[in-house]
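[1] Predicted model, plus sequence, below.
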Amino acid sequence: MTSLPGRQVRGFLCLRKGRAPSLQGRRRVLAISVHEAGIIYRVSMLILNKTAGVFSKPSKRKLYEYLRSFNFHPGKVFLHKLVLGIETSCDDTAAAVVDETGNVLGEAIHSQTEVHLKTGGIIPPVAQQLHRENIQRIVREALSLSKVSPSELSAIATTIKPGLALSLGVGLSFSLRMVNQFKKPFIPIHHMEAHALTIRLTNKVEFPFLVLLISGGHCLLALVRGVSDFLLLGKSLDIAPGDMLDKVARRLSLIKHPECSTMSGGKAIEHLAKQGNKLYFDFKPPMQRAKNCDFSFSGLQHVIDKTIMQKEIEEGIEKGQILSSAADIAAAVQHTIACHIAKRTHRAILFCKQRNLLSQSNAVLVVSGGVASNLYIRKALEIITDATQCTLLCPPPRLCTDNGIMVAWNGVERLHAGLGILYDTEGIRYEPKCPLGVDISKEVGEAAIRVPRLKMKI
Ligand code: KG4
Ligand code: ZN
């Protein structure tokens, strides 16, 4: 037995016989890697061809066949490291088990959207109570779907920042109990880092790439240079676009709209906008003169609030009833924020190219977060990436919103990179506020890059 760096042990078995028909009579060497917790996480085999005097590697199918011939059930042999991811930073209780190659073995999620829609927004103690009621069931479900027992995990990764304090607390204390009970390494996760790295689970994307994260709680542009190496180019100076869309949807009482009653605010706006005329209202994109990559949405939200009030008077309806022009307002709002987001992103691409931070011909823009599931905003961004010869990539919608998979995958990325893996969780705390990476937004503003005007024909 040879001790390897890290916490695994690898053993070698020389075998002559095997009952598997395709391997009979040949000499083979079986290498078995065992984690210190006793889990076999990798089995590999070499077959010696005596005539040629060379070793060859059989296919996985042949290896499984061979193991089965010894009554060694491959279903229970985990060939890769396994990470459990737990997410409770806002209003979704989510968990997933992902292996180091990116296979999602099991996932479960409980969304609180319906409850918060009824109360007109997230009430932190309510979110906390719902996380408490659901976390055990969700984690158990993710583990049982993946057919993995806690002792077979390589690590537990949990979102500990940023987010709602009361929500983060539930995920962290649950995780720490598991970590202590099963003696597992703990990987604390930054929610925005997890959103940013999700694309590497679904696509082959190398560092560096540019990421735009747009959700209900966050809005930022960052250059991703490595697993935990970010340059922050710009962020929202007030609220996030999803928060604004939620507020506008609430002000328009879209919860009472028969087609939108179960949708989040952003989704309801996107749905209704398809039936509206964006030219009917002329809302100006914010911060047109500021030549940086920061965002702002609350000024625009107040303008929209005023417009809605005016329309209610014109149409002679009470606050709480649905305006006949609701779809036109939704279309105009969506168009205005799409233009605002696209322009700031355009400047970020130009800045990164000017400073050689991104490849001139092969740059990638990744868009993620709940608002990234908006197809109209994606089209606006496509206009920008086409004009700048960049590739636009978005994770599938279910991975754009909060989920456990992104947290588990972030754990896998950190395991590979050997970054932030804790064997002692003493003193670990959640952090409701936590910036992402090194903030160079001032430098971006000082560069004062002019963005060429593009026709936003969406
Ligand atoms: O990433 P996420 O699930 O949670 C965080 O905020 O971290 O994002 C939720 C936000 C909500 O504000 C919701 O209204 C918005 O994403 N959203 C959308 C769409 N679907 C969800 N916004 C615009 N268009 C959509 N289709
Ligand atoms: Zn999120």
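    Thanks, I have the structure now. Ligands and ions are numbered 1, 2, ... in the order given.

[2] Pull the distance from stretch 373-384 to the chain's centre.
    18 Å (Cα atoms, centre = their mean, to the nearest Å).

[3] Check stretch 378-388 too.
    With Cα atoms, centre = their mean, you get 21 Å for stretch 378-388.

[4] Send me the helix or strand harbouring residue 385 as CSV with only the CA atoms.
    Assigned by DSSP states H and E, residue 385 belongs to helix 375-387. Taking Å, rounded to 0.1, in the frame of the first residue of the first chain, the C-alpha atoms of helix 375-387 are listed here in CSV:
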residue,chain,number,x,y,z
LEU,A,375,-34.9,35.5,-23.2
TYR,A,376,-35.4,39.2,-24.2
ILE,A,377,-32.4,40.2,-22.1
ARG,A,378,-30.4,37.4,-23.6
LYS,A,379,-31.2,38.6,-27.1
ALA,A,380,-30.0,42.1,-26.2
LEU,A,381,-26.8,40.6,-24.9
GLU,A,382,-26.4,38.6,-28.1
ILE,A,383,-26.4,41.8,-30.1
ILE,A,384,-23.5,43.0,-28.0
THR,A,385,-21.5,39.7,-28.2
ASP,A,386,-22.1,39.6,-32.0
ALA,A,387,-20.7,43.1,-32.4
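
[5] Contacts for it, please.
    Residues from elsewhere that reach helix 375-387, judged by Cβ atoms under 8 Å, 6 or more residues apart in numbering: 212, 214, 270, 273, 334-335, 337-339, 341-342, 345-346, 349, 365, 367, 371-372, 390-392, 394, 452, 454-458. Where you see a C-beta, it was placed from the backbone N, CA and C, and this is true even at glycine.

[6] Enumerate the residues of the stretch 1-150 of the chain near ligand 1.
    residue 90 (Cβ under 6 Å from any ligand atom).

[7] Helices of the stretch 101-250 of the chain, start to end?
    113-119, 124-146, 165-182, 191-197, 199-202, 241-251 (DSSP state H, counting those that start in this stretch).

[8] Highest mean neighbour count out of the ones you listed?
    Of all those, helix 191-197 carries the top mean neighbour count, a mean of 27, counting by mean count of other Cβ atoms under 10 Å.

[9] tell me the average confidence for it?
    Mean per-residue pLDDT for helix 191-197: 96.

[10] what does stretch 286-305 give?
    Stretch 286-305 comes out at a mean pLDDT of 97.

[11] Please apply the same query to stretch 428-447.
    Computed over stretch 428-447, the average pLDDT equals 97.

[12] what bits of the stretch 201-350 of the chain have low per-residue confidence?
    Regions of the stretch 201-350 of the chain meeting the criterion pLDDT under 70 are absent.

[13] residues contacting whichever residue of it sits closest to ligand 2?
    In the stretch 201-350 of the chain, the residue that lies nearest ligand 2 is residue 215 (4.4 Å; Cβ to the ion). By Cβ under 8 Å, 6+ apart, the contact list for residue 215 reads 195, 240, 242, 369-372, 401-402.

[14] Tell me the residues of the chain that contact ligand 2?
    Contact residues (Cβ under 5 Å from the ion) of the chain with ligand 2: 215, 402.

[15] how close does the residue nearest the centre of the chain get to residue 327?
    In the chain, the residue lying closest to the centroid (Cα atoms, centre = their mean) is residue 195, at 2.8 Å. Shown here: residue 195 relative to residue 327, a distance of 30 Å by Cβ to Cβ, to the nearest Å.

[16] Residue 287 too?
    27 Å.

[17] Residue 184 too?
    Taking Cβ to Cβ, one finds residue 184 at 51 Å from residue 327.

[18] Low-confidence regions, the stretch 51-200 of the chain specifically.
    Looking at the stretch 51-200 of the chain by pLDDT under 70, you get 51-53, 59-79.

[19] can you rerun that using 80?
    Counting by pLDDT under 80, the ranges of the stretch 51-200 of the chain that qualify are 51-79, 117, 120-121.

[20] and the residue of it nearest ligand 1?
    Closest residue of the stretch 51-200 of the chain to ligand 1, Cβ to the nearest ligand atom: residue 90 (5.1 Å).

[21] Helix, strand or coil: sort out that residue for me.
    The three-state assignment at residue 90 reads coil, by DSSP: H, G, I helix; E, B strand; the rest coil.

[22] So what does it have for phi and psi?
    Per-residue torsions, residue 90: phi -140, psi -100 (degrees, to the nearest 10).

[23] go on, residue 87?
    Per degrees, to the nearest 10, the residue geometry at residue 87, taken as phi and psi, is phi -130, psi 120.

[24] beta partners of it?
    Beta-bridge pairing of residue 87 under DSSP bridges involves residue 94.

[25] Could you report the neighbour count for it?
    Residue 87: 30 surrounding residues under other Cβ atoms under 10 Å.

[26] likewise the one 5 residues further on?
    Burial of residue 92, expressed as a neighbour count using other Cβ under 10 Å, amounts to 23.

[27] In contact with it, which residues?
    109-112, 401-403.

[28] Can you give me the buried ones in stretch 102-114?
    104-113 (16 or more other Cβ atoms under 10 Å).
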